[in-house]
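> attaching a predicted model along with its sequence, questions to come.
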Number of protein chains: 2
Amino acid sequence: MIQPIPCYDIFELALNGSQEVNPFTDVSISARFEHRNRVLEPEGFYDGDDRYIIRLMPDEEGEWRYVTTSNMPELDGISGSFECVAARPGVHGPVRVANTYHFAYSDGRRHFSFGTTCYGWVNQPPELQEQTLKTLASAPFNKIRMCVFPKDYTYNKNEPPFYPFEQAEEGWDFTRFNIPFWRNFEQRVGQLAELGIEADIILFHPYDRWGFARMGAETDDHYLRYTIARLAAYRNVWWSLANEYDVNSSKTPSDWERIFRLIKTRDPHQHLRSIHNWIQLDDHHTRSFYDFSRPWVTHCSIQHAHTDLTAEWRLLYRKPVVIDEACYEGNIPDGWGNISAQEMVHRFWEAAVRGGYCGHGETYLDPHDILWWSKGGVLKGGSPARIAFLRAVLEAMPEGWIDPLDLVSNSCQSSGGIPGRYILHYFGRHQPSSVTFKLPEGEFCAEILDTWEMTITPVGGTFRDHLIIPLPGKPYLAVRIMKTSRTG
Amino acid sequence: MIQPIPCYDIFELALNGSQEVNPFTDVSISARFEHRNRVLEPEGFYDGDDRYIIRLMPDEEGEWRYVTTSNMPELDGISGSFECVAARPGVHGPVRVANTYHFAYSDGRRHFSFGTTCYGWVNQPPELQEQTLKTLASAPFNKIRMCVFPKDYTYNKNEPPFYPFEQAEEGWDFTRFNIPFWRNFEQRVGQLAELGIEADIILFHPYDRWGFARMGAETDDHYLRYTIARLAAYRNVWWSLANEYDVNSSKTPSDWERIFRLIKTRDPHQHLRSIHNWIQLDDHHTRSFYDFSRPWVTHCSIQHAHTDLTAEWRLLYRKPVVIDEACYEGNIPDGWGNISAQEMVHRFWEAAVRGGYCGHGETYLDPHDILWWSKGGVLKGGSPARIAFLRAVLEAMPEGWIDPLDLVSNSCQSSGGIPGRYILHYFGRHQPSSVTFKLPEGEFCAEILDTWEMTITPVGGTFRDHLIIPLPGKPYLAVRIMKTSRTG
């Protein structure tokens, strides 16, 4: 009797098989899982030591039955079943799109995306990986952008401890995956899951000196199938096809379409899928984004400094807007990595009140070139505490999500909330001496939020019809207005 | 013998004529002025007290001859001449477009536009008008946006001392201009000229309770001809067809075209012509601007909060970009009138290093509702001193203008200057610990400018090939780099 599997955890079927052939290229193995009227068919993968593994993340309680298919007789036709039981406390399943523009876990709980970026953290020495996890445990982030392949770039010249492929006499044997690399990678993904952090896995990126950015379609696909087979059963996986796809000159638009199609076809759990752009930060044309309205893209993954365009992007793509990169807090010479903490926080709020989700990154110079954005380590900046404040504000809102509202005339369109019930208005660089809201039906209370000082000051009393709030005349304030009465 | 007229001053021919008819509608009077091979034909106007006046601003030294034409025998066929002599010191003539994207006075001197806005200052009590002039005398502004018609709006509910038309038993006699209004108006324009300030005269605006925004085409044209006849000889006039033309529902696009055509035809001095938009501040589409590329528009007159779009607008319209309204420094509830001083200054710099010209306005609440933006008075804000600093920086640059340069990689495109000779780079909200420039041929020196603290700190030494400048890691800095060697 197999032990019951809690919902959204991983069921793993491990089988022994011979290694006389190349187990990565010559062995096909998959399983057909059935639960009531559902069928999921994950591929398996070779994990070294004569061991083949098939993974599934059961997402409904009850009995799941399976039978394997393989071109190797000893792996074929193996059947069995297991019981899926209630999820462990704090486990909510994969994040999905909810209400067109937002995210929720599979069990319905809201997910307000608060991402950060550590491109190469799994390709650093083990102690540094451990330190990054420790930092993340008390940071306000619930998503992290991370590359599979190591990064070659300024401040990123070290070799990783492992490579994803085995080394050949010259270069790489792209037909053989390097098991220690993948065991470490999936261990980190699993540790993130336990911290409640989504792993936004970047499958390709252009900053490469090893050849991983130009492996060719056949090797790309082989790599993608292996990655999906190993990782798709982790509930916290998001697929990011690329960082700065438009910098990678070795892939064409039809390559990206093929890759999207492969992931959509092969991932039994249908994790979120998007692709991140480069383009000039000050270019306001959206023409250089990947067309997020295409049906295989689940959400926007945008690099852009103008987070106040969030509402436009929502209208344009009709999908959740995640601005993963709106410049990073830091002090490096590059324009994308040296905005102030205040500006980073400002961009989070600009996106939030328009119903979008800004992402964080940090690039302070370091004597050992350990910059959070690429290697992890510790956070040095001023923005995370304020991002935690914003996250707490959003998570305390009544059931629903922030969508743009138009309640204040001449407001520069920065009211968001739930129609009739909840208003979050952000003033940004504006410093009005007072603000007037027309209220929906019912009774409301209000508070003044200082987004930088992280204070919440109640405005005394309750209000009907309209509300005039005197303000201290400084920038970076917000106002929160909530309905106090259950009925109008 | 008529006294010689200094170049760019006003020659005025005053003639007596009877008033038996309506002198505004029934008398036509103009003059043909000849200077060498040039002919200018201004219309005259009735100035009350049986006096008809024809004005001309001679713009070349030498003899100017004239002869009048009128349907009134006593005003017809009067001829004469005058001598135009060298301009008085400090008088440089009307501002023209120079080098596609910039401005210069008629005598060739550069004009870096530093505008402010006092929509209704000439429609306030005389003492307040005097105070405004006194403020302007020591302010950093060399252009002021000002309406002919009084303004009806929040904080603008008072009646003006005079109206432009005579009152009828009910409403207005649109066939008769009210002379005291016009004498005051042109006196103010003349006083601005003496202060070196361009009068950006707004001919129509929508914020009206008197009926001046919906007079009909015939009255509009009559008013325009009178305005041009009275004011075109003032060297500092710019014609702004409207404030927020797209809010005025009583005028169609073809009305605006007719008005442009009339001004272009009737103004013998061909002053600058543009038209100001409303649209949403956060709307990044340019579709709602008037199409500034039309041949009768001399420059862009833009309302928009994103002054970092300046380079795009230059490319789009191929004309000087003046962002007259990028929100105002202040604390009123309206989003367009409550940005911080620092933000106002930031927007000036954002435009300047991209080769454009931001405008100022101030809207601090006042117990007597005297807000600079509409009534003038005194300046209370923190931005004018910093705007003066920027103006001094620009006026100290070598002969030429700022055009966008692309010298720093990942710079967010905010280098401007003169190719090969001069670089002005603004970091805005970025705070790099250092910046690297590739230098053109020759030897260069550099300074760090703190745009808010108004300090200039030299970077020691001279540089060739490239230049690395350590920076203090705070926002709102700029760097100025100048060629020290005359030859490469």
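Ah, there it is. Numbering: from 1, shown residues only, chains lettered A, B, ... in the order given.
> please name the residues that touch the residue nearest to residue A:232 when sequence neighbours are not counted.
Nearest non-adjacent residue to residue A:232, counting by Cβ to Cβ, 6 or more residues apart in numbering or on different chains: residue A:267, 4.8 Å away. Where C-beta positions appear, they are placed from N, C-alpha and C, glycine not excepted. Contact partners of residue A:267, counting by Cβ atoms under 8 Å, 6 or more residues apart in numbering or on different chains, are A:228, A:232, A:239.
> which of the residues you listed fall within helices?
Members of the contacts of residue A:267 lying in helices (criterion: DSSP state H): residue A:228.
> where does chain A have low pLDDT?
For chain A, the stretches with pLDDT under 70 are A:1, A:280-288, A:407-413, A:486-488.
> using the record's assignment, carve it into domains.
A:5-85, A:95-395, A:403-483 (automatic domain parsing).
> find the centremost residue of chain A, please.
Computing the C-alpha centroid of chain A and ranking residues by Cα atoms, centre = their mean puts residue A:200 first, at 4.0 Å.
> residue A:17 and residue A:79: what is the separation?
According to Cβ to Cβ, to the nearest Å, residue A:17 and residue A:79 sit 16 Å apart.
> more neighbours: those two, which one.
Applying other Cβ atoms under 10 Å in any protein chain shown to residue A:17 and residue A:79 shows that residue A:17 carries more neighbours, namely 20 against 10.
> show me what contacts residue A:257?
Contacts of residue A:257 by Cβ under 8 Å, 6+ apart are residue A:296.
> repeat that for residue A:28.
With the criterion set at Cβ under 8 Å, 6+ apart, residue A:28 makes contact with A:43, A:69-71.
> of these, grab the buried ones for ChimeraX.
Buried subset of these, written as a ChimeraX selection, criterion 16 or more other Cβ atoms under 10 Å in any protein chain shown:
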select /A:43,69,70
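> where along the stretch 351-488 of chain A do the helices fall?
A:372-375, A:383-395 (DSSP state H, counting those that start in this stretch).
> so does the shortest one get close to chain B?
No - Helix A:372-375 does not reach chain B (Cβ under 8 Å from any Cβ of the partner chain); its nearest approach is 13.6 Å.
> what's that helix in contact with?
With Cβ under 8 Å, 6+ apart as the criterion, helix A:372-375 contacts A:116-121, A:124, A:128, A:132, A:151, A:153, A:155-156, A:328, A:330, A:337, A:361-364, A:369, A:378-380.
> so which of these are in strands?
Using DSSP state E, the members of those that fall within strands are A:116-117, A:330, A:362-363.
> just the closest of the residues you listed to chain B, please.
Comparing the ones in strands among the contacts of helix A:372-375 against chain B with Cβ to the nearest Cβ places residue A:330 closest, at 8.0 Å.
> pretty sure the closest one contacts residue A:379?
No - with contact defined as Cβ atoms under 8 Å, residue A:330 does not count as touching residue A:379 (11.2 Å).
> my understanding was that residue A:205 contacts residue A:151; is that so?
Yes - taking Cβ under 8 Å as the definition, residue A:205 is a contact partner of residue A:151 at 6.9 Å.
> I'd like the distance between the closest residue to residue A:57 other than its chain neighbours and residue A:189.
In this structure, residue A:57 finds its nearest non-sequential neighbour in residue A:233, 4.3 Å apart by Cβ to Cβ, 6+ apart. Distance, residue A:233 to residue A:189, using Cβ to Cβ: 10 Å.
> same deal with residue A:258?
From residue A:258 to residue A:189 the distance is 24 Å (Cβ to Cβ).
> between these two, who's got more neighbours?
Per other Cβ under 10 Å, whichever of residue A:258 and residue A:189 has more neighbours is residue A:189, with 22 against 16.
> got a list of what the nearest residue to residue A:266 once chain neighbours are set aside touches?
Nearest-residue entry for residue A:266: residue A:228, 4.8 Å, with adjacent residues in sequence omitted and distances by Cβ to Cβ, 6+ apart. Neighbouring residues of residue A:228 by Cβ under 8 Å, 6+ apart: A:43, A:263, A:266-267.
> any idea how far residue A:228 lies from residue A:262?
8 Å.
> also residue A:107?
According to Cβ to Cβ, residue A:107 stands 28 Å off from residue A:262.
> same deal with residue A:346?
From residue A:346 to residue A:262 the distance is 39 Å (Cβ to Cβ).
> of these two, who's got more company?
Between residue A:346 and residue A:262, counting by other Cβ under 10 Å, residue A:346 is the more crowded of the two (26 against 15).
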